[in-house]
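Colleague: Pasting a predicted model and its sequence here:
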Amino acid sequence: MNAKDNPLPILKARPSELATAALVVGEPARALVAAEYLDNAREVGNYREYLTLTGEYNGVPLTISSHGVGAGGASICFEELIRGGVKTLIRAGTCGAMRKGIKDGDFIIGTGAIREDGVSEKLLPMTFPAIADRQVVQALVAAAKACGRAAPHEGIVLSNGPFYEGMLPSATNSWLKSGLDLAAVEMEFAVLLIVASMRGARAGGLFTSDGNMTDDSDLEVYDPHRTVVKEGTKQMIQVALDALAKLP
């Protein structure tokens, strides 16, 4: 056996079992939902929160991998996928909208990220920007429009480390009060863009809003499991796969 094809330490997948393009999602259950869109989908790695599957989408080999919650664990997934030969990554996940007018279930295409994730600062200086690849953004816009989302939201995404607030001031609240036009908040997009930049890969992100941070009523009854979010998330996965399959 070729030593270069040894299983990756954490993902437990062999490089030969990975496609050159990958969809990355937070939870293993979402990876299984995404795999239903693939032909000949097969599990190639399963360890802790990392479930990895490979198959074909419209004849194009694609890999799907779950990365868990938070930038630390997610960075392991992104790093190992790229080490295994993946050249293009799209993260598909839920987020909290930070722009007025974004409704639950709406799509947001990330053009870049604010690096409050707590991990990317250990990888590259904070003066290095986290920017989505232009071709990936364009592919996501085209795929969203093709599925009937004529005007998907686009913008900067805040990647914030903590989910729940503690004693210290919340970065999310500070950015909300800044008056700047931020599109959404989530936890892993910035570190994806930074790892991709470091390793010569290209990356982007498509998100489904599960609540709007500018709406107090949304904050009081936050529930990411509502039908409108589930339906948006399912369509988001297909759009992301469409984009990946059509990228050169």
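Modeller: Yep, it's here. Numbering: from 1, shown residues only.

Colleague: make it CA atoms for all contacts and neighbour counts henceforth
Modeller: OK.

Colleague: following the helix or strand bottoming out on mean pLDDT in the chain, which helix or strand comes up?
Modeller: Lowest on mean pLDDT, DSSP states H and E among the helices and strands of the chain sits helix 216-220, with a mean of 63. Sequence order places helix 227-246 as the next helix or strand after helix 216-220, per DSSP states H and E.

Colleague: For the nearest residue to residue 25 once chain neighbours are set aside, what are phi and psi?
Modeller: Spatially, and ignoring its direct neighbours in sequence, residue 25 is nearest to residue 66 (4.8 Å; C-alpha to C-alpha, 6 or more residues apart in numbering). Residue 66 adopts backbone torsions of phi -90, psi 140, taken as degrees, to the nearest 10.

Colleague: Please identify the helix or strand for the residue positioned nearest the centre of the chain.
Modeller: Central residue of the chain (C-alpha atoms, centre = their mean): residue 91, 2.1 Å from the mean position. Per DSSP H and E, residue 91 falls inside strand 88-97.

Colleague: And for residue 72?
Modeller: helix 71-83.

Colleague: any idea of the mean pLDDT in that helix?
Modeller: Averaging pLDDT along helix 71-83 gives 98.

Colleague: Stretch 202-214 too?
Modeller: Stretch 202-214 comes out at a mean pLDDT of 96.

Colleague: Check which residues of it are buried.
Modeller: Neighbour counts over stretch 202-214 (16 or more other C-alpha atoms under 10 Å) mark 202-214 as buried.

Colleague: Look up phi and psi at residue 146.
Modeller: Per degrees, to the nearest 10, the backbone of residue 146 is at phi -70, psi -30.

Colleague: Please tell me how far it sits from residue 120.
Modeller: Residue 146 is 34 Å from residue 120, where distance means C-alpha to C-alpha, to the nearest Å.

Colleague: which of these two has more neighbours?
Modeller: Taking other C-alpha atoms under 10 Å, residue 146 and residue 120 do not tie; residue 120 has more neighbours (23 against 12).

Colleague: if I look at the more buried one, how far off is residue 158?
Modeller: Residue 120 is 13 Å from residue 158, by C-alpha to C-alpha.

Colleague: which neighbours do these two share?
Modeller: residue 190 (C-alpha atoms under 8 Å, 6 or more residues apart in numbering).

Colleague: Could you pull out the helices in this structure for me?
Modeller: Taking DSSP state H as the test, the helices found in the chain are 28-35, 71-83, 134-146, 171-177, 189-199, 216-220, 227-246.

Colleague: ok, of those, where does mean pLDDT dip lowest?
Modeller: Looking at the helices of the chain, the weakest mean confidence is helix 216-220, a mean of 63.

Colleague: residues touching the nearest residue to residue 232 once chain neighbours are set aside, list them.
Modeller: The shortest distance from residue 232 to any non-neighbouring residue, by C-alpha to C-alpha, 6+ apart, is to residue 105 (4.7 Å). When contacts are counted by C-alpha under 8 Å, 6+ apart, residue 105 touches 208, 209, 210, 228, 229, 230, 231, 232, 233.
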